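Participant: please find the sequence and the predicted model below.
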Amino acid sequence: MLGRLCRYLRAAGYDTAAAHPGEPDARLLSRAIAEHRRLLTMDRKIMEHKVARDVATVLPMAELDALAALMGREFGVDWLHAPFSRCLVDNAELVPAAPEDASRAPPESRREGEELRVCPACRRVYWRGSHVKRMLANMGRWKGL
């Protein structure tokens, strides 16, 4: 339910874990506690677990803009904290791309001065394409909310 919010939190540079499909509430809560995380969910039933009071926050069913504003207000999320420093897929911190990684990137990403980064876990190559401009526009707008 919160996949897009998770990707945007990663895009902003926050260490953000995502639930695995079908992962039981008890396991999610245990993982959040063990990893010192706040569990964000839209599932109100999770509050039936005693430990949820200390670790879970139930978010309202809302559009992404409203959730982003709430994250800024309630949790102090700075949407321009460390933009595009984490893999959007697996959350690993990105590193500068080696020449062999750069060769796998599309030609439009290999412009002079273009900084390519790579995920050390999944080897996905990142560059500042149009998707980055769109996401940064949203994140900049949210920073001001």
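Facilitator: Good, I have the coordinates.
Participant: quick one: the helices in this structure, in order.
Facilitator: Counting by DSSP state H, the chain has helices at residues 3-11, 25-34, 52-55, 64-75, 99-102, 130-143.
Participant: for Arg123, find the nearest of those helices.
Facilitator: Distance to Arg123, taken as CB to CB, is lowest for helix 99-102 among these, at 6.9 Å. C-beta: built from backbone N, CA, C; applies to glycine.
Participant: centre of the chain to the closest one, how far?
Facilitator: Offset of helix 99-102 from its chain centre (CA atoms, centre = their mean, to the nearest Å): 25 Å.
Participant: contacting residues around that helix?
Facilitator: Arg110, Leu116, Val118, Arg123, Val125 (CB atoms under 8 Å, 6 or more residues apart in numbering).
Participant: who wins on neighbours among those residues?
Facilitator: Within the contacts of helix 99-102, most neighbours by other CB atoms under 10 Å means Val118, with 22 neighbours.
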